[in-house]
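Undergrad: dropping a prediction and its sequence here:
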Number of protein chains: 4
Amino acid sequence: MDRRKIRTDLALEARESIQTDAAEMRGVEMDSYEEGTDACITRVRILDSEGARMMGKPVGTYLTLESFKMSQEDEDYHRDVSEIFAEKLEELLPARWNSLLVVGLGNHSVTSDSLGPRVLDNLWITRHLERKGRMISGIVPGVMAQTGMESAEIVKGIVQETRPEAVVVIDALAARSVHRLGTTIQLSDTGIQPGSGVGNHRNKLSRETLGVPVIAVGVPTVVSAAAIVYDTMDALTEVLEGNESTRGLSETIRNMNTQEQYQLIQELLTPRLGSMFVTPKDIDAVVKRLSFTISEGMNMAFHA
Amino acid sequence: MDRRKIRTDLALEARESIQTDAAEMRGVEMDSYEEGTDACITRVRILDSEGARMMGKPVGTYLTLESFKMSQEDEDYHRDVSEIFAEKLEELLPARWNSLLVVGLGNHSVTSDSLGPRVLDNLWITRHLERKGRMISGIVPGVMAQTGMESAEIVKGIVQETRPEAVVVIDALAARSVHRLGTTIQLSDTGIQPGSGVGNHRNKLSRETLGVPVIAVGVPTVVSAAAIVYDTMDALTEVLEGNESTRGLSETIRNMNTQEQYQLIQELLTPRLGSMFVTPKDIDAVVKRLSFTISEGMNMAFHA
Amino acid sequence: MDRRKIRTDLALEARESIQTDAAEMRGVEMDSYEEGTDACITRVRILDSEGARMMGKPVGTYLTLESFKMSQEDEDYHRDVSEIFAEKLEELLPARWNSLLVVGLGNHSVTSDSLGPRVLDNLWITRHLERKGRMISGIVPGVMAQTGMESAEIVKGIVQETRPEAVVVIDALAARSVHRLGTTIQLSDTGIQPGSGVGNHRNKLSRETLGVPVIAVGVPTVVSAAAIVYDTMDALTEVLEGNESTRGLSETIRNMNTQEQYQLIQELLTPRLGSMFVTPKDIDAVVKRLSFTISEGMNMAFHA
Amino acid sequence: MDRRKIRTDLALEARESIQTDAAEMRGVEMDSYEEGTDACITRVRILDSEGARMMGKPVGTYLTLESFKMSQEDEDYHRDVSEIFAEKLEELLPARWNSLLVVGLGNHSVTSDSLGPRVLDNLWITRHLERKGRMISGIVPGVMAQTGMESAEIVKGIVQETRPEAVVVIDALAARSVHRLGTTIQLSDTGIQPGSGVGNHRNKLSRETLGVPVIAVGVPTVVSAAAIVYDTMDALTEVLEGNESTRGLSETIRNMNTQEQYQLIQELLTPRLGSMFVTPKDIDAVVKRLSFTISEGMNMAFHA
């Protein structure tokens, strides 16, 4: 099965879906390491347009912070994760950028899409105060059904009027794999395209559209239900493979040509499944908790 | 595959999963008919203990109202569906029951579980008013993590103190099939077992535990992610069946014994999937809309 | 006592506080009439800079719609009031203005200040849809403690980027008299100065700062606690006046010079009172209800 | 003026309003002391029926914790105040009471009345867990307009069904003086009468009605607008007293008989004022903050 058929907002997953040896893949670098006892950092760098085409994502650096601890209840809202996140955010955020506009994308009243607005609820806003240190401003632009405007239009207008040196955008993401829900934070220096994949360039939040650098922070909160169907096919093929009597059948599927495979998947996907999401049962709690973890990390990074 | 492995709160789906001819199935009756242009009513009657055992549900009458219209935005919160629902509710609710306690089960702050509490937000409460007509009282008992008590304990105490003639319970349900999410209302005269399937009898809300008749109203808001895996298997088996070159694969799966099938499914289900739900992308809007449809229908039925 | 000492956002109350005969007051016109059986419309026109100085408000037209019905529960959210409001709004809004940006000022999480954001929750937004009729966009800019930016900066940026032909601003107001709380809507063609009285010109939302006409809609939700103290003084003076034995004392107060009066009031006002508001006991319900009345009226006026 | 005309839920204020020397007042004892640098504890003991009649409150012990720090923002939600509160709560709560039902009175969706429900949101509930230590259960019964039932009926039913050894009730209170809003916590061993003063005995939550001891915890969140009128009168009388030329006025008021005074106040109070509250401008933030202070203190006291 072609795993690339299912969209992911994570560069890490996009890279994983390309079953090519790292050494052989041109235009993309990837390395990962443990951070402390419970966190894993992966850095994907897309170096050129060939890498960008293969990955379906713009040239730039993508850091992924994974920690299963995030998916668990914690009285302290995972202060240790906030610290690692703050450190990684500082990597992408030169100290000389003194004024930042933080943008919380998404819809406050749709749980799985409320991460951005919720982070803003707990961020220290300082631009209007007479004090030393970074000047932080923040905006929740809302979604198009609420405003009639592209988020990019709203943010562009505000950037031109208030002149921050850089923009930090927070958004809820779609992942490919359920085990990344609520356990993963992605940071990148490439900006963001809300509801991406649609190829609507007016709606990009990037240096290209806003005129200042754009750092993007995202947390996967949903997986498309279709992904589960693909994964079941994949797993089934693999299981049958390992079994003497069914190995032939596995090969049958593998040997289908792309057209046949595609048709098979279409037959498995019922129309209603297309508008369905997979989320953790405790998604309300997950989003609440992670928004604190991220706002705390931002407060640390911005006012260090 | 054995579809019964996946729990459903809908009697209709439980009946569908048993692939036995209606004529041959003892202890269970089912019939259905169109109501108006857009709604379908199905009545499942479980007649005796054998039917109850087969269905995994108590003896009684289960009415299912299905309408795709419910899944769509509507300025009027589907007044026509409210009217049909009111009519069906009156079927289960003798006019002589003059005082009713309405119980909104679930958790107001977990979207997919907030249907019960939200219905109570819009219900006409009349017990404390000096007026003619039915005396309606209402309670949102909360969930055990919030109260430390079983809902049944709380409701039983209130029933004994305030002596309503019957109890109406509203809860969000788990369905088996995604096309029933947000399109279906089930009514029954059997009471309800919150978070059912667990076999904890102390927690039943029924005539047996409360001492008065209990009418249950439920709306499916989630499907377990595991159900999608089963369905993919089912659909795959069927698709392969129809294909000359892959019929063997299909037969291999069909010919596995129950133990082998069970093992296969276990290998396909990753541990994380067990704590995942499938919900409509617009679940927040669906729950908000349906809670209005139901509270309106109740207001009509109670104060007709 | 000098009633003008207490700020009011209502032009009607500003006019009332000036105890000058209408015929004698230059630069300000006022007339009022009944509308239907339950509503009263007052039109205050400030004609020139002398009127503006006297009234402490910019030159322009101010319409006040008063109806005690608004303060009562109503299933239909006062559709009749919405209709009168829509009509008055159309008076200020030429049909040729085809694209409007609606701005909901205030703080969604502070009840008495949440009117603007709540109106936006129920407004029909149409700019992004391909359809005939007015193009309505909307924004909730937040308050400075949340954003670090003046609302005027945010709105100005968005206006320059999206080019609406006019702006409609909604805000919660402070009134002078408790009987206007939740019973009054003010419309004006002068724009608005959020948290006004402070004299911060950067923060004005007006044609002068935004470059397009600005219609302001406001509803009083609070009275300062200090106003009650002034009113008690006023009433006391009046009561004593009517009483043979205390008339002298009333005269004593009336005869105090301004400085003495001011000092007296200061002694009556405890420091804590300065940070206190008077609101209706059911302020949460009032704001919820009135935001519907206004959004419905706007929907009627914009899409008539 | 007779300050007792305005209802207060605080025993401390009830005592203050009686201008009698402590030594002379039979049936009531009062003493107070500083606790740490910022808090003041007052203990009022009503000893017998004569004290109860004078105070308009039942026999028992009332502890008031006052600290201006509570009215200020604090990242830690005033942990130090929580600690003092926990200590005082333990005074009223014998360690041998092993199972407690905590009742959050009030209405979650009316800001000034939401303290009780909000405290429950953050309380550690343990009755359903298999662990050592106190068994804590909790309930938010709602208000009569939501349930059609008296809170006392609901709680009584639950107490009889679940058999806690004592009940702890939390409620928002009405104070007499604005400087007590958001700065004061009252604890008592007398139970509580929701919306008290009405003399409806069925609705008392006390040992008498519930059959187990009832500890009450309350925080004043509102003052009636009428209280401001009385205070202005009082202050005015006092100010005029100190002034040579107006002393006569003051004396005139003082010399009015009760009937005359009462009539004067009635003339000052406009009808609308009766349905008005005085609250801090930041009431939403105050209630949110204080509910954390109290739930933290309860968690400390219950699980020490």
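TA: Structure received. Numbers count the residues shown, from 1 in each chain, chains lettered A, B, ... in the order given.
Undergrad: so the closest residue to A:Glu87 other than its chain neighbours, which of the three states?
TA: Excluding its sequence neighbours, the residue lying closest to A:Glu87 (C-beta to C-beta, 6 or more residues apart in numbering or on different chains) is A:Ala301, at 7.7 Å. C-betas here are computed from N, CA, C, even on glycine. Three-state assignment for A:Ala301 (DSSP: H, G, I helix; E, B strand; the rest coil): helix.
Undergrad: A:Ala301 - how many residues pack around it?
TA: Counted with other C-beta atoms under 10 Å in any protein chain shown, residues neighbouring A:Ala301 total 22.
Undergrad: I figured it hits A:Glu91, correct?
TA: No - judged on C-beta atoms under 8 Å, A:Ala301 makes no contact with A:Glu91 at a distance of 9.6 Å.
Undergrad: quickly list what A:Ile139 is bridged to.
TA: Judged by DSSP bridges, the bridge partners of A:Ile139 are A:Val103.
Undergrad: per-residue pLDDT, it?
TA: A:Ile139 carries a pLDDT score of 98 in this model.
Undergrad: and it, how close does it get to chain B?
TA: 22 Å (C-beta to the nearest C-beta, to the nearest Å).
Undergrad: got the contact list for that residue?
TA: By C-beta atoms under 8 Å, 6 or more residues apart in numbering or on different chains, the contact list for A:Ile139 reads A:101-104, A:120, A:154-155, A:158, C:141-142, C:147, C:149, C:154.
Undergrad: again, only this time at 6 Å
TA: Neighbouring residues of A:Ile139 by C-beta atoms under 6 Å, 6 or more residues apart in numbering or on different chains: A:103, A:158, C:147.
Undergrad: residue contacts, the last one?
TA: I take that to be C:Thr147. A:137-139.
Undergrad: which bits of chain A sit near chain C?
TA: Residues of chain A lying close to chain C by C-beta under 6 Å from any C-beta of the partner chain are A:125, A:127-128, A:137-139, A:144, A:147-149, A:153-154, A:156-158, A:160-162.
Undergrad: of those residues, which belong to strands?
TA: Among these, DSSP state E puts A:137-139 in strands.
Undergrad: the stretch 101-250 of chain A: strands as residue ranges?
TA: Residue ranges of the strands in the stretch 101-250 of chain A, as given by DSSP state E, counting those that start in this stretch, are A:135-139, A:166-175, A:184-188, A:214-224.
Undergrad: quick one: the last one near chain B?
TA: When you say that, I think you mean strand A:214-224. No - remark: strand A:214-224 sits outside contact range of chain B, by C-beta under 6 Å from any C-beta, the gap being at least 8.0 Å.
Undergrad: got the residues of chain A near chain B?
TA: A:110-111, A:178-179, A:225, A:228-229, A:232, A:235, A:239, A:246, A:249, A:252, A:267-268, A:272-273, A:275-279, A:281, A:284.
Undergrad: coming back round to it: what sits against the residue nearest to A:Glu87?
TA: So A:Ala301 contacts A:86, A:89-90 (C-beta under 6 Å, 6+ apart).
Undergrad: in terms of pLDDT, where does it sit?
TA: Looking at A:Ala301, its pLDDT is 96.
Undergrad: cool, A:Ala227 as well?
TA: pLDDT, A:Ala227: 82.
Undergrad: any idea how far it is from A:Gly274?
TA: Distance of A:Ala227 to A:Gly274, computed by C-beta to C-beta, to the nearest Å: 12 Å.
Undergrad: so between these two, which is more surrounded?
TA: Set A:Ala227 next to A:Gly274 and count neighbours by other C-beta under 10 Å: A:Ala227 wins out with 23 against 12.
Undergrad: pretty sure A:Lys204 sits against A:Thr190.
TA: No - contact between A:Lys204 and A:Thr190 fails when scored by C-beta atoms under 6 Å: they sit 9.7 Å apart.
Undergrad: whichever residue of the stretch 201-304 of chain A sits closest to chain D: what's it in contact with?
TA: In the stretch 201-304 of chain A, the residue that lies nearest chain D is A:Asn299 (10.7 Å; C-beta to the nearest C-beta). Taking C-beta under 6 Å, 6+ apart, we find A:Asn299 in contact with A:Trp124.
Undergrad: A:Pro271 versus the nearest residue to A:Leu268 once chain neighbours are set aside, what's the distance?
TA: Sequence neighbours aside, B:Ala235 is the residue nearest to A:Leu268 in space, at 4.6 Å (criterion: C-beta to C-beta, 6+ apart). For B:Ala235, the distance to A:Pro271 equals 13 Å [C-beta to C-beta].
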